[in-house]
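**Student:** Got a predicted structure plus its sequence, pasted below:
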Amino acid sequence: MRLSEFLLALAADAKLLERFQRDPATVADELGLSHEQRRLLGPGQLDNLRVEIRGELTVDDEAAMIIWLHQLPSIPWLFAPPEDAT
Amino acid sequence: MKGGVPYGTLTVVGTGIRIGVQLTPESRASIAAADEFLYVNAEPLGERWLASLHPNARSLAPLYRAGANRAGVYEAIVEAILQPVRRGAAVCAAFYGHPGVFVRPSHEAVARARAEGHAARMLPAVSAEDCLFADLGIDPATYGCVSFDATTFLARARPIDSSASLILWQVAAVCETRAVVEGEHGANVPLLVERLATAYPDDHEVVLYEASPFPVADPSVQRLSLAELARTVPAPQATLYVPPLASAAPTT
């Protein structure tokens, strides 16, 4: 099972998540996660896990690399909307 | 119906930070009840999960492009949300984290929808700050806590209260007016450090923090000195936590 599929299954199935929290090794065995996949779910691996997931999914490369922010700093002179920029 | 134009409804929800496990029952019900479901998520996996929640789900991700003016992107998001509302649809729009915390287009969409006569509301959710408090073990009540967008913090030269906790958001894009991509971010972090150095010593320990977006992975917690921060490129979604100075914090 790919890690992206595993994580989506956890996201969709509260019972599976509960079982994994109680006994991660057994659930990982049942789903056939490799040693390397289990390592990526461990401490200090967030960046590596993200790279692995992105590699598994077919995504818009540019969109995937965008730094997703949704707030502008409250500095009107710096962030005027395009129509006000003249 | 007003002048032959139907009234739609808008519900803005947050999906929390951790994919799938921080969506509240209230928000989940609002997604299910909508005619159209629009969403933005920072992670491709999150986009995949959100697409599965509704038969009429549509990602707003294509509105983001590298180098695009961020104000223009946010305006396009607002209009994409409002178009089906104006046709009379019940629309649910989802943002990751809390939809009202560091999210400009969500507030704008609700305000415009109401101004046009449509019913609009925002539901609360788990924010990145909520995750930070839990993961770093910080109670904002202990020393007080101030929170700024990093660029706003730099541009508005307010006095720094080093006796309180300080949280700076969007540090990877400090002083950036455009949508930046990974690998081109963090160039202005030394400016941020220069400002912080007016209130904290070079060896003051700070934390670059990123909540895990995945259901079971640990957060990223990088502890480093202020001097080291000047030489570091933060992770794209990193938040900077600056603890209070021990000498300045009130004794308990």
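**Tutor:** On my side now, so go ahead. Quick caveat, the model's predicted, so the values are computed rather than measured.

**Student:** For the residue in chain A positioned nearest to chain B, pull up the helix or strand it's in.
**Tutor:** When scored by CB to the nearest CB, chain A has A:Ala11 as its residue closest to chain B, at 2.2 Å. Where C-beta positions appear, they are placed from N, C-alpha and C, glycine not excepted. Under the criterion of DSSP states H and E, A:Ala11 resides in helix A:3-12.

**Student:** and if you look at B:Ala120?
**Tutor:** Going by DSSP H and E, B:Ala120 is part of strand B:119-122.

**Student:** Compute the mean per-residue pLDDT across that strand, please.
**Tutor:** For strand B:119-122, the mean per-residue pLDDT is 98.

**Student:** Next, see if it gets close to chain A.
**Tutor:** No: on the criterion CB under 8 Å from any CB of the partner chain, strand B:119-122 is out of touch with chain A, staying 13.4 Å away.

**Student:** I'd say the residue of chain A closest to chain B and B:Ile19 touch.
**Tutor:** Yes: the criterion here is CB atoms under 8 Å, and A:Ala11 meets it with B:Ile19 at 5.0 Å.

**Student:** that older thread, got the contact list for the helix holding A:Ala11?
**Tutor:** Defining contact as CB atoms under 8 Å, 6 or more residues apart in numbering or on different chains, one finds that helix A:3-12 is touched by A:16-17, A:20, A:31, A:33, A:37, A:40-41, A:49, A:52-53, A:56-57, B:19-21, B:45, B:48-49, B:52, B:214-216.

**Student:** what's the average pLDDT for that helix?
**Tutor:** Averaged across helix A:3-12, pLDDT comes to 93.

**Student:** so where's the chain shaky on pLDDT?
**Tutor:** Unless you meant another one, I'm taking chain A. A:58-86 (pLDDT under 70).

**Student:** Not quite, go with chain B.
**Tutor:** Along chain B, segments meeting pLDDT under 70 span B:1-5, B:66-67, B:176-186, B:247-252.

**Student:** coming back round to it: and the helix holding A:Ala11, which residues are buried?
**Tutor:** Buried residues in helix A:3-12, defined by neighbour count with 16 or more other CB atoms under 10 Å in any protein chain shown: A:Leu3, A:Ser4, A:Phe6, A:Leu7, A:Leu8, A:Ala9, A:Leu10, A:Ala11, A:Ala12.

**Student:** Show the subsequent helix or strand relative to that helix.
**Tutor:** Next along from helix A:3-12, by DSSP H and E: helix A:14-22.

**Student:** hang on, B:Val110 in a helix?
**Tutor:** Yes: checked against DSSP: H, G, I helix; E, B strand; the rest coil, B:Val110 lies within a helix.

**Student:** what's the distance between it and chain A?
**Tutor:** 14 Å (CB to the nearest CB, to the nearest Å).

**Student:** How many residues are close by that residue?
**Tutor:** 22 (other CB atoms under 10 Å in any protein chain shown).

**Student:** mind listing what it touches?
**Tutor:** B:Leu10, B:Val12, B:Ala120, B:Arg121, B:Met122.

**Student:** surely the fourth one meets B:Val13?
**Tutor:** What that stands for is B:Arg121. No: contact criterion CB under 8 Å: B:Arg121 and B:Val13 do not qualify, at 9.5 Å.
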